[in-house]
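Student: Coordinates for the following, if possible.
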Amino acid sequence: MEIYERIKHLRKSVLNMTREKFGSALGANGNVINNIERGRLANPEQKEPLYRLICKTFNVNYEWLTAGNGEMFFITEADAKAEAMRLLSEAYNLDKADQVWLSVFLDIPPEERKPLKALALRLAEAAAELSNDMEAAEELVADAQSAHDEHIREWNKGLTLEEELELVRRRHENAKRGAVASTTSAKVGSDAIPKVSVN
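Tutor: Purely as a prediction, here's the structure:
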């Protein structure tokens, strides 16, 4: 592919621009661009400045334009950072605030990051300990609840569902009244409700 063919490919297939628009960005008209793309520049000494102008205006890699070597576009540091941030944002579902925080952190000189990294590690360790403590506490609560449920089942053996419900209702009423004494026996259907102590 010749230089003029690469220019046409750049304009038409990559930038998707008309000759007029492309020319306007370069300070030329559509007829000049037509001549360039056909390899018919009237003044050959204008070629080099024109190639440089195309590269500068559209961020094109000069080596690609003139010799077909390398990538089509010159990747600036800003472009590389933007692409890295895009990939990180997709991989880790970063929102705008996350991106700003990460950018600020990465812009800090490496030596000045050390205290921040030490703080982050301490926070991570504390979070891990808290998580372990929470898991242990949840296990204790689950064990206590299970033992309590088993005790209640054993204690209420022989009662019908209606009797158990009545028992729970009475306990609730007594607790509301702040009663300390035991409730008197009551009859539900044909069976008696046992006495219940409220602690």
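Student: can I assume residue 18 is in contact with residue 34?
Tutor: No - between residue 18 and residue 34 there is no contact under C-beta atoms under 8 Å: 10.9 Å. Placement of C-beta: from N, CA and C, glycine included.
Student: And the pLDDT at the nearest residue to residue 68 once chain neighbours are set aside?
Tutor: Among residues not flanking residue 68 along the chain, residue 1 sits closest, at 6.1 Å (C-beta to C-beta, 6 or more residues apart in numbering). Predicted confidence (pLDDT) for residue 1: 85.
Student: Same check on residue 177?
Tutor: pLDDT, read off for residue 177, is 74.
Student: can you check residue 15 too?
Tutor: 93.
Student: how near is it to residue 172?
Tutor: Separation of residue 15 from residue 172 (C-beta to C-beta, to the nearest Å): 77 Å.
Student: which residue packs closest to residue 92, ignoring adjacent ones?
Tutor: Spatial nearest neighbour of residue 92, chain neighbours left out: residue 98 (7.7 Å); criterion: C-beta to C-beta, 6+ apart.
Student: My impression was that that neighbour belongs to a helix - is that right?
Tutor: Yes - checked against DSSP: H, G, I helix; E, B strand; the rest coil, residue 98 lies within a helix.
Student: Torsion angles phi and psi at residue 29?
Tutor: phi -100, psi 170 (degrees, to the nearest 10).
Student: For it, which non-adjacent residue is spatially closest?
Tutor: Of all residues not flanking residue 29 in the chain, residue 23 sits nearest, at 5.2 Å (C-beta to C-beta, 6+ apart).
Student: contacting residues for the one you found?
Tutor: By C-beta atoms under 8 Å, 6 or more residues apart in numbering, residue 23 lies in contact with 29-30, 32-33.
Student: which of the residues in the strand or helix carrying residue 168 are buried?
Tutor: Element membership for residue 168 (DSSP states H and E) is helix 161-177. Residues of helix 161-177 classed as buried: 163, 166-167, 170, 174 (neighbour count, 16 or more other C-beta atoms under 10 Å).
Student: Same question for stretch 69-84.
Tutor: Residues residue 74 are the ones in stretch 69-84 that count as buried (16+ other C-beta under 10 Å).
Student: care to break this protein down by domain?
Tutor: Listed domain ranges for the chain are 3-74, 75-113, 150-199 (source: automatic domain parsing).
Student: any idea which of the ones you listed is most buried?
Tutor: Stretch with highest mean neighbour count among those: domain 3-74 (a mean of 15; mean count of other C-beta atoms under 10 Å).
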